Structure formats: C-alpha cells, structure tokens
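Visitor: Provide a 3D model corresponding to the input given below.
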Amino acid sequence: MRQFKKVCVVGLGYIGLPTAAVLASRKIEVIGIDIDSTVIDTINNGEVHIVEPDLDIVVNAAVTQGYLRASLAAEPADAFLIAVPTPFKEDHEPDLAFVEAASRAIAPVLKAGNLVILESTSPVGTTEKMAAWLSEERPDLKFPHEHEEGADINIAHCPERVLPGHVLIELIQNDRVIGGLTPECSDAAKDLYKTFVEAEMLTTSARTAEMCKLVENSFRDVNIAFANELSVICDKSDINVWELIQLANHHPRVNILQPGTGVGGHCIAVDPWFIVSQAKQDAKLIHTARLVNDFKPTFVADKIYAMAEKHGTKKVSCLGLSFKPDIDDLRESPALEVVRILAEKELELTLVEPNIETLPAEFSEHQLARVEDALQDKNQVIAILVAHREFKESSELGSRKDILDFCGVGL
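Guide: This is a model prediction of the structure:
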C-alpha cells in the first residue's frame with residue numbers, strides 16, 4: 001500500500017475543505033489551494049467560511065496541530081485532489097475552465113510517482129482531458145492517457161457523493177467509485193482513500209466513474225420530476241397531492257417522492273445536463289425531467305401572485321431560501337428563483353431564511369426577517385418554500401390558515 005505524507009487539495013469549497021480536513025485529521029500534511037485570499041486567511045486562522053456540522057472543530061484542530069494550511073499557490077505533494085466547480089456556459093453546456101485552470105496550476109510541481117484525482121463532477125471524458133492538459137504543461141513526464149502502465153503520473157476520477165449537513169460522516173462512511181485511466185491508477189487512488197474511507201471502494205474506468213455520478217443524480221431528478229409534475233396536475237384537479245402520495249405509497253411497489261418548489265443544489269439540478277449535453281438526441285427522459293423541475297418555481301410563483309391578487313395585497317412573506325431544509329446553501333435554489341420571479345412583479349417581499357445572516361446582494365433591498373416577525377402583518381400571503389425545522393416547529397405558523405405550503409410542512 002502506497003504511503004501519502006503530503007496531499008494538495010485544490011478548491012476549498014463544500015467538498016474540498018471537508019476532504020482536506022478529514023485527510024489532515026489522519027495526520028497527513030495537507031495543503032489547501034484556493035483562488036480566494038479571504039478563504040485562505042480564514043482557514044489559516046483555524047476558521048471556516050462554510051456551514052457544515054463539526055467542520056469548524058475539525059479544521060481548527062488540523063490547523064492548530066500543523067497538519068492543515070491554505071495557500072494561493074500549489075506546492076509539491078504526493079497526491080493532488082481537484083475539487084473545483086464545473087458550472088455552465090450558455091445553453092447548459094459544461095464549463096471546464098476551472099478544472100483546466102486547476103490542472104495547469106498543479107502541473108509545474110508534479111513529479112514522477114504522483115497521483116492526481118479529479119473529484120469535480122464532470123462530463124464523461126473530462127479526466128482524459130485533465131491528463132492532456134497536464135501533459136501539455138509537462139512534456140517531460142509520461143501520462144497514462146498516452147503511456148498506460150508506463151506512466152509517471154497516476155490519474156483517476158473519484159466523484160463525491162455526500163449530503164450537505166452530513167458531509168464529514170458521509171466522506172468516511174459512503175462507498176466510493178474510483179475510476180483510473182489504468183488499473184494502476186485506480187489502485188493508487190484506492191490507497192489514498194483507504195486513509196479515511198471506511199466503506200467499500202469500487203474500482204472501474206474513469207469514464208464509468210464519471211457517468212456513475214451523473215446517473216445517480218439523474219435518477220433522483222427523474223423521480224422528483226414525477227412528484228413535481230403530479231403536484232401541478234393535482235392542483236388543477238383540486239386534489240391534495242400530499243394525501244394522494246401518502247395513499248399511493250401504501251402500494252408495496254410504489255414509493256413516490258415528495259414534491260417541492262423545484263430542484264436545487266449543485267448536483268441534482270446540474271449533473272443531468274452533463275448527460276444531456278453529450279447525448280442530446282438520446283437523453284429524452286432525463287431532459288424532460290430537467291424541464292419539469294426547472295418549470296416548478298414558475299408554477300409556484302404564479303400561485304403566490306394569484307393568491308396576493310385575490311386578497312388585494314402586494315405583501316408576501318417567503319419562508320425558506322436554501323435549496324433544501326436546514327442548510328445555508330443557496331446554490332441553484334428553486335426558492336430563490338421563486339423570489340426572483342416575485343420581485344419582478346414588484347411585490348413587497350419579506351424573506352425568511354434562518355440559516356443565513358445576510359441576503360445575497362441581488363435581494364439586498366428586501367427584508368431578512370425571523371419567522372415570528374414576518375408573521376406580524378395579517379394583510380399578506382405566506383408561502384413556505386423550504387421545509388426548515390423552524391417552520392415545522394412554529395406554533396405561530398401552525399395557527400395560521402392563510403398559508404401556501406409548497407413543501408409539505410403540513411401545519
């Protein structure tokens with residue numbers, strides 16, 4: 001089994017920082033790389049810039065003990081993990097600029113025997129592109145996409161599959177799919193993950209590992225789309241969708257998910273588009289599910305606006321902004337899209353999100369309030385967009401009858 005004394009983690013976001021912290025907790029020297037100097041300073045002070053249970057404790061301990069530090073520049077190491085964003089260009093085309101930049105940033109410090117792992121969720125073939133970018137920068141080294149088992153550098157893809165709010169636990173306890181460009185690359189990556197992963201590690205090709213992550217989230221997206229489409233149909237038929245799903249799920253082979261305001265986050269709302277972008281003619285069901293889920297915020301906003309008009313008010317309190325319950329992550333949040341649409345209709349919006357302290361800049365003209373304060377005005381529409389714990393437990397919400405519940409809080 002290979003020994004890794006020093007690991008460089010590129011990208012210190014929701015995946016990179018917890019991974020760096022867990023590696024450092026195993027007494028491995030970890031250098032975290034990021035392009036944001038504020039992030040660097042925060043981590044080097046033993047603090048964190050994202051909300052994740054217990055992450056602050058693990059990071060502080062790792063920094064205090066000297067196993068974790070952050071830097072703007074890559075340094076020589078035994079292994080490199082790239083965990084940078086893969087956003088979209090226009091028309092949902094994947095943008096690999098961050099992966100390319102990270103690859104070229106580490107290339108000057110690579111040496112024979114190194115391991116490079118791409119953890120960023122990526123379209124099929126991205127790991128091979130990463131190898132090509134590294135090869136362009138370092139023609140003095142042999143890479144597996146050209147030299148196979150005779151390569152100097154091992155390259156693999158290992159997609160993250162963790163749940164926000166449970167990242168530190170799931171990094172250790174979830175099975176990992178590891179796809180090397182060669183079997184030797186897979187084995188090298190497996191040795192690194194053995195330092196902290198307690199679950200099963202399944203090795204395959206890089207392309208299969210890339211597709212596996214996309215398929216997992218596309219499967220979930222399709223099932224959510226069924227529930228969301230059902231909620232629209234039931235609304236027009238005056239049927240309580242929550243009761244309907246509960247009854248239907250009593251069938252021994254039926255398990256319908258719960259509808260909501262749409263689909264958010266940087267996985268389920270994003271990954272299916274990577275498949276669609278590469279299989280436009282064939283990914284018909286996956287593409288349709290994306291369209292269904294992307295439409296849901298418009299449906300929700302229209303319902304809220306219609307209710308406001310019915311009651312002759314322009315005041316609306318939107319409860320919940322994050323993309324899922326009980327977290328602070330606003331990425332790709334359908335609730336935020338609902339607020340954007342309502343803001344364009346010039347409504348007076350009060351926004352309630354108990355997991356953040358300040359609103360995003362685009363909503364700075366609106367009020368961020370506690371749920372108790374938001375309910376004081378009786379002449380308004382109240383819309384629950386995210387099923388946060390605080391809303392489920394609110395006695396004041398439970399006593400109100402003028403509520404639009406889009407996420408099944410069930411008050």
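
Visitor: need the pLDDT of the residue nearest the centre of the chain.
Guide: Centrality entry for the chain: nearest residue to the mean C-alpha point is H266, 3.4 Å, by C-alpha atoms, centre = their mean. The model reports H266 with a pLDDT of 80.

Visitor: so it sits in a helix?
Guide: No. Judged by DSSP: H, G, I helix; E, B strand; the rest coil, H266 forms no part of a helix; its state is coil.

Visitor: start and end of stretch 270-288, how far apart?
Guide: 14 Å (C-alpha to C-alpha, to the nearest Å).

Visitor: and P108, which of the three is it?
Guide: helix.

Visitor: the one 3 residues further on too?
Guide: Going by three-state DSSP, the secondary structure assigned to K111 is coil.

Visitor: the residue nearest to it when sequence neighbours are not counted - how many residues pack around it?
Guide: Using C-beta to C-beta, 6 or more residues apart in numbering and skipping residues adjacent in sequence, the residue nearest K111 is P76, 6.5 Å away. Backbone N, C-alpha and C define where each C-beta goes, glycine included. Neighbour count of P76, defined by other C-beta atoms under 10 Å: 14.

Visitor: A206 now?
Guide: Counted with other C-beta under 10 Å, A206 comes out at 29.

Visitor: so it is in contact with P123, correct?
Guide: No. Applying C-beta atoms under 8 Å as the test, A206 and P123 come out as separate, 11.9 Å apart.

Visitor: check which helices and strands the helix-or-strand element of the chain with minimal mean pLDDT sits against.
Guide: Within the chain, no helix or strand scores below helix 395-398, which has a mean of 74 by mean pLDDT, DSSP states H and E. Judged by 3 or more C-beta pairs under 8 Å, 6 or more residues apart in numbering; DSSP states H and E, the packing partners of helix 395-398 are helix 371-374.

Visitor: list the buried residues of stretch 106-114.
Guide: Residues of stretch 106-114 classed as buried: 106-107, 110, 114 (neighbour count, 16 or more other C-beta atoms under 10 Å).

Visitor: pretty sure L244 sits against S237.
Guide: No. Counting by C-beta under 8 Å, L244 stays clear of S237, with 9.7 Å between them.

Visitor: the more surrounded of these two?
Guide: Neighbour tally, L244 and S237, criterion other C-beta under 10 Å: the higher count belongs to L244, 16 against 9.

Visitor: what helix or strand does that one sit in?
Guide: helix 241-248 (DSSP states H and E).

Visitor: pull out the CA atoms of that helix and give them to me as PDB.
Guide: Written as PDB, here are the backbone C-alpha positions of helix 241-248 (Å, rounded to 0.1, in the frame of the first residue of the first chain):
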ATOM      1  CA  VAL A 241     -51.200  15.900  -3.600                       C
ATOM      2  CA  TRP A 242     -49.700  15.100  -0.200                       C
ATOM      3  CA  GLU A 243     -52.700  12.900   0.700                       C
ATOM      4  CA  LEU A 244     -52.600  11.300  -2.700                       C
ATOM      5  CA  ILE A 245     -48.900  10.400  -2.500                       C
ATOM      6  CA  GLN A 246     -49.400   9.000   1.000                       C
ATOM      7  CA  LEU A 247     -52.200   6.700  -0.200                       C
ATOM      8  CA  ALA A 248     -50.400   5.600  -3.300                       C
END
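
Visitor: where does the stretch 51-200 of the chain dip in pLDDT?
Guide: Within the stretch 51-200 of the chain, no range satisfies pLDDT under 70.

Visitor: once you drop chain neighbours, what's closest to S135?
Guide: Using C-beta to C-beta, 6+ apart, the closest residue to S135 is F143 (4.6 Å).

Visitor: surely that neighbour and L134 touch.
Guide: Yes. Contact criterion C-beta under 8 Å: F143 and L134 qualify, at 6.1 Å.

Visitor: which residues do these two both contact?
Guide: Counting by C-beta atoms under 8 Å, 6 or more residues apart in numbering, the contacts common to F143 and L134 are 153, 155.

Visitor: would you map the strands across this structure?
Guide: 6-10, 29-33, 68-71, 79-82, 115-118, 154-157, 176-180, 201-205, 315-319, 348-352, 367-368, 381-384, 403-405 (DSSP state E).

Visitor: looking at those strands, which is nearest to D191?
Guide: The closest of the strands of the chain to D191 is strand 115-118. By C-beta to C-beta, the value is 8.3 Å.

Visitor: run through the neighbouring helices and strands of that closest one.
Guide: Strand 115-118 packs on strand 79-82, helix 97-106, helix 126-137, strand 154-157, helix 183-193, going by 3+ C-beta pairs under 8 Å, 6+ apart.
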